[in-house]
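*Asks:* what follows is a protein structure lacking sequence information:
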């Protein structure tokens, strides 16, 4: 049979991608609208585990020796303990603010109470030491042993560790209710995903000049311009529409700072989203695979979905930590 015309093929891919994108936004909107903390961390946790499974499947398919069962188990245990701490581990501290009439208002809880540093350090140690321990059972064949340990460590840090900053964002900012940082999380997801959409739409329509063809042949400089425009559109648009719904710090300082901060943050997150997308391209081209999975028609797998968020969520988290009084 003759191959389909390029225009028809592009149209079909665009349609599948559009349907998957709309479906994803429905799922995200449902979780956000529920205002239930477990819905937020549950969504992040499911994507973390699926993406980790896809990562180790790609490694195995590419002939890279690894320890998938240990890597997946570590991702599940790390995520489970993290969510237990976020959702109200013993010792969580309530943050009380004084209302306009002198009444005390509970604004949320400090879920970590200083425990995040040791927990993250212990998890990364477990990823490294556990991989070395498992490697001791096998003979040393050149660089294979180091590649095995490095692949397992990369899988944990890249996915379970970095992507779970999205869950931390929800509880970092004090505010009323179960999920005080809900709007901050939505803002970050919108800027990141609009970056991906802008790059794809503009690149498909007018993209001519290749950006980094040796890593991702489909990326163009025109698409990059579209990514910045769409990121600013999402970041500034959401801030204008829902500024009053976003929480403030105890001093009254807005969590996103000001319009200048919003514009700069939108551009920074856009750049990081592009880097995150290209980082996954490095992994996939190294393993000679097109998509991490087939969960989402036109998009790929869970890893294809969260690759850019793995880079934007930590930076927004650190920014808010830096901004907090």
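*Replies:* Yep, that arrived. Every value quoted in this text rests on a predicted model; they were computed, and no experiment measured them.
*Asks:* can you list contacts of stretch 192-212?
*Replies:* 10, 14, 17, 21, 217-231, 233-234, 269-270, 273-274, 277-278, 308-309, 312 (C-beta atoms under 8 Å, 6 or more residues apart in numbering). Just so you know, the C-beta spots here come from the backbone N, C-alpha and C atoms, and that holds for glycine as well.
*Asks:* and what of stretch 146-156?
*Replies:* Contacts to stretch 146-156, defined as C-beta under 8 Å, 6+ apart, come from residues 52, 55-56, 59, 64-67, 70-71, 74-75, 78, 123-124, 127-128, 130-132, 135.
*Asks:* would you show me how to pick out the buried ones of the residues you listed in ChimeraX?
*Replies:* Per 16 or more other C-beta atoms under 10 Å, the buried members of the contacts of stretch 146-156 correspond to this ChimeraX selection:
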select :52,55,56,59,64,65,66,67,70,71,74,75,78,123,127,128,130,131,135
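*Asks:* counting by contacts, list what the strand or helix carrying residue 271 packs against.
*Replies:* Using DSSP states H and E, the element containing residue 271 is helix 259-287. The elements that helix 259-287 packs onto, with contact taken as 3 or more C-beta pairs under 8 Å, 6 or more residues apart in numbering; DSSP states H and E, are helix 37-61, helix 182-206, strand 216-220, helix 221-242, helix 309-323.
*Asks:* among those, which is the most enclosed?
*Replies:* Burial of those is given as mean neighbour count (mean count of other C-beta atoms under 10 Å); helix 182-206 ranks first at a mean of 23.
*Asks:* could you point out which element follows that helix?
*Replies:* Next element after helix 182-206 (DSSP H and E): strand 210-212.
*Asks:* so how far is that next one from its chain's centroid?
*Replies:* Centroid separation between strand 210-212 and its chain, computed with C-alpha atoms, centre = their mean, to the nearest Å, is 24 Å.
*Asks:* so what are the sheet partners of that strand and their directions?
*Replies:* Strand 210-212 has these partner strands in its sheet, going by DSSP bridges: strand 216-220 (antiparallel).
*Asks:* pLDDT score assigned to residue 268?
*Replies:* The per-residue pLDDT reported for residue 268 equals 96.
*Asks:* surely residue 56 is in contact with residue 72?
*Replies:* Yes - Residue 56 lies in contact with residue 72 (C-beta atoms under 8 Å); the separation is 6.6 Å.
*Asks:* give me the below-cutoff pLDDT ranges for this protein.
*Replies:* Scanning the chain with the threshold set as pLDDT under 70 gives 1-25, 27-29, 31-35, 89-117, 174-178, 248-253, 293-299, 325.
*Asks:* what about the strands in the stretch 1-150 of the chain?
*Replies:* Using DSSP state E, counting those that start in this stretch, the strands of the stretch 1-150 of the chain run over residues 93-98, 104-110.
*Asks:* check contacts around the closest residue to residue 194 other than its chain neighbours.
*Replies:* Among residues not flanking residue 194 along the chain, residue 234 sits closest, at 3.8 Å (C-beta to C-beta, 6 or more residues apart in numbering). Taking C-beta under 8 Å, 6+ apart as the criterion, residue 234 is in contact with 190-191, 193-194, 266.
*Asks:* same check, this time on residue 58
*Replies:* Applying C-beta under 8 Å, 6+ apart, we find residue 58 in contact with 283-284, 287, 289, 292.
*Asks:* tell me which of those is nearest to residue 46?
*Replies:* Of all those, residue 46 sits closest to residue 292, with 15.0 Å by C-beta to C-beta.
*Asks:* state whether that closest one is indeed within a helix.
*Replies:* No - remark: residue 292 does not belong to a helix; assigned using DSSP: H, G, I helix; E, B strand; the rest coil, it is coil.
*Asks:* that one contacts residue 50, correct?
*Replies:* No - in this structure residue 292 lies outside contact range of residue 50 using C-beta under 8 Å: 9.4 Å.
*Asks:* mind listing the shared neighbours of these two?
*Replies:* Listed contacts common to residue 292 and residue 50 are 301-302; contacts here mean C-beta under 8 Å, 6+ apart.
*Asks:* can you put the contacts of residue 58 in CSV and add distance to residue 186 and neighbour count?
*Replies:* Formatted as CSV, those follow (distance: C-beta to C-beta, whole Å; neighbours: other C-beta atoms under 10 Å):
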residue, distance to residue 186, neighbour count
283, 28, 19
284, 28, 21
287, 33, 17
289, 31, 17
292, 25, 26
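*Asks:* tabulate the residues you listed (a markdown table), appending distance to residue 168.
*Replies:* Shown next, in a markdown table, are these (distance: C-beta to C-beta, whole Å):
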| residue | distance to residue 168 |
| --- | --- |
| 283 | 24 |
| 284 | 27 |
| 287 | 29 |
| 289 | 30 |
| 292 | 24 |
